[in-house]
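> Sequence plus the predicted model coming up.
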Amino acid sequence: MIPREAIRDLLAEYALLIDEDRLEDWLGLFVEDCLYTVITRENLEQNLPQPLMLCENKRMLRDRIGAYRNVNEYNFHHDRHIVGEPRFCAAPAGQWRVQAGYSLFQTDLEGATRLFLVGAYDMTGVIEGERALLSDVRVIVDTASIPTLLATPV
Amino acid sequence: MIPREAIRDLLAEYALLIDEDRLEDWLGLFVEDCLYTVITRENLEQNLPQPLMLCENKRMLRDRIGAYRNVNEYNFHHDRHIVGEPRFCAAPAGQWRVQAGYSLFQTDLEGATRLFLVGAYDMTGVIEGERALLSDVRVIVDTASIPTLLATPV
Amino acid sequence: MIPREAIRDLLAEYALLIDEDRLEDWLGLFVEDCLYTVITRENLEQNLPQPLMLCENKRMLRDRIGAYRNVNEYNFHHDRHIVGEPRFCAAPAGQWRVQAGYSLFQTDLEGATRLFLVGAYDMTGVIEGERALLSDVRVIVDTASIPTLLATPV
């Protein structure tokens, strides 16, 4: 398999595993020493470093999902991510980098769907065997007026 | 052509042929002995078998399109499907299987567009020559509160 | 690289460069003797030739972007394009042609996002070296009731 297909497979899994509420499997897409940041486009463009969410390694990400499963209160919903065609960027040897737009819809318990967020991913990772894994995920959020808690990962 | 490209071509045709109102050509993407099911995510997850639409072979699907063309009354609209990156799943020898999220928009006669449905496809098929064909299409619908008739295929 | 990947790369750049407000780089995706048309689906289907926007060469397109940068008044916003799986069409020797659906969202200064347009691209181009370039872009717009100025390219 060529790396591009491995990276596309990763993008597909990233979106579908969240949408299927298989967040523990989604965690498996990350290397242990990873970085996961959600930041508004506005902050990114103005070099304001404050993120909406920041997990500086896989344990923090695991903890976050544990909190979601066992502690947090939030509006129950199903996610649906639609990710656009990826841009394959230059990256240091042994790494890869892609950028891609996304739209994220949420459906509530009554079955009503709304547009929740749009934005872009900026993802860096490695190839292990034939699989692509994530080391640095930056989720850029165009939609700054988010009406409810960011409960599930974007 | 590698099978992945044939399957991607099929996904592109599936969406564009519906959006172009070329439903008779869309029928040509199915094998004769096919299954086409539209089911809510809620029913699927609770093992409630009742679908929103069920066609158990290509003749039923053809009849459905004939009814749409000649009999049904419905809100006139144009569809626009945006399908996400597919997950290529394991499948028995001689078959293939993909899953992919979708968003479906509808535009009315006044030219106003709304989000209509989001959900996921779970498609199984075969390769004939260089073409991928559909044998089992399960359309999972997140959006359970569908405001109008499911007139055109999803 | 196979041409399909070069064309996919072009589609990714097309969408992301507009969304990143790098319109001058977006211009670089076109050959000098290009055609860029935005037309409603309704006009296209009824053979009514009047477009919403027409640039008959790259100088007109460059001028349009200069006007956007320096002259026009419009609602400030960020675009986000999500382009669907492309259909690779037959094309004359030395050219390529793809068609793909798109959804386009806009986010205003308050960070509120709305669905702006949906439709399809019909793009023809050439391969120069390893890059795909655009010679004829027809943007078909399903959404005819566009609430604000078409300020940025679709």
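Received the coordinates, thanks.

> from memory A:Ala91 sits against A:Thr124, does it?
Yes. Counting by CB atoms under 8 Å, A:Thr124 is a contact partner of A:Ala91 at 6.5 Å. Glycine gets a C-beta too; all of them are placed from N, C-alpha and C.

> hey, what's in contact with both of those two?
A:Arg97 (CB atoms under 8 Å, 6 or more residues apart in numbering or on different chains).

> Would you mind telling me which of those two has the busier surroundings?
Neighbours per residue (other CB atoms under 10 Å in any protein chain shown) separate A:Ala91 from A:Thr124, with A:Thr124 holding more: 18 against 13.

> Show the pLDDT at A:Met1.
pLDDT for A:Met1: 53.

> need the next SSE after the strand of greatest length in chain A, C-terminal direction.
The single longest strand within chain A, with elements called by DSSP state E, is strand A:113-128. On the C-terminal side of strand A:113-128, the closest following helix or strand by DSSP states H and E is strand A:131-141.

> Report the strands that pair with that following strand, each with its relative direction.
In the sheet, strand A:131-141 lines up against strand A:30-40 (parallel), strand A:113-128 (antiparallel) (DSSP bridges).

> Packed most tightly, which of those would that be?
The highest average neighbour count among those, using mean count of other CB atoms under 10 Å in any protein chain shown, belongs to strand A:113-128 at a mean of 20.

> number of nearby residues for the residue of chain A at minimum distance from chain B?
Among the residues of chain A, A:Gly111 lies closest to chain B, at 2.6 Å counting by CB to the nearest CB. Neighbour count for A:Gly111, taken as other CB under 10 Å: 16.

> Ok, A:Ala93 next?
4.

> And A:Asp108, how close does it get to B:Thr143?
Using CB to CB, to the nearest Å, A:Asp108 is found at 10 Å from B:Thr143.

> Looking at the two, which is more packed in?
Between A:Asp108 and B:Thr143, B:Thr143 has the larger neighbour count (other CB under 10 Å), namely 23 against 15.

> what helix or strand does that one sit in?
Counting by DSSP H and E, B:Thr143 is part of no helix or strand.

> Can you verify my assumption that it contacts A:Thr113?
Yes. The criterion here is CB under 8 Å, and B:Thr143 meets it with A:Thr113 at 4.3 Å.

> shared neighbours of those two, which are they?
With CB under 8 Å, 6+ apart as the test, B:Thr143 and A:Thr113 both reach A:Thr107, B:Leu117, B:Val118.

> ranges for the helices of chain A?
Taking DSSP state H, the helices of chain A run over residues A:3-19, A:23-27, A:41-45, A:58-70.

> Restricting to C-alpha, output the first one in CSV.
As requested, the backbone C-alpha atoms of helix A:3-19 are provided in CSV (Å, rounded to 0.1, in the frame of the first residue of the first chain):
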residue,chain,number,x,y,z
PRO,A,3,1.5,5.9,2.1
ARG,A,4,-1.3,8.1,0.6
GLU,A,5,-3.7,5.3,0.9
ALA,A,6,-2.7,4.6,4.5
ILE,A,7,-3.2,8.3,5.3
ARG,A,8,-6.6,8.3,3.5
ASP,A,9,-7.6,5.2,5.5
LEU,A,10,-6.6,7.0,8.7
LEU,A,11,-8.7,10.1,7.8
ALA,A,12,-11.7,7.8,7.1
GLU,A,13,-11.2,6.0,10.4
TYR,A,14,-10.7,9.3,12.3
ALA,A,15,-14.1,10.6,11.2
LEU,A,16,-16.1,7.3,11.3
LEU,A,17,-14.9,6.1,14.6
ILE,A,18,-16.0,9.4,16.3
ASP,A,19,-19.3,9.2,14.4
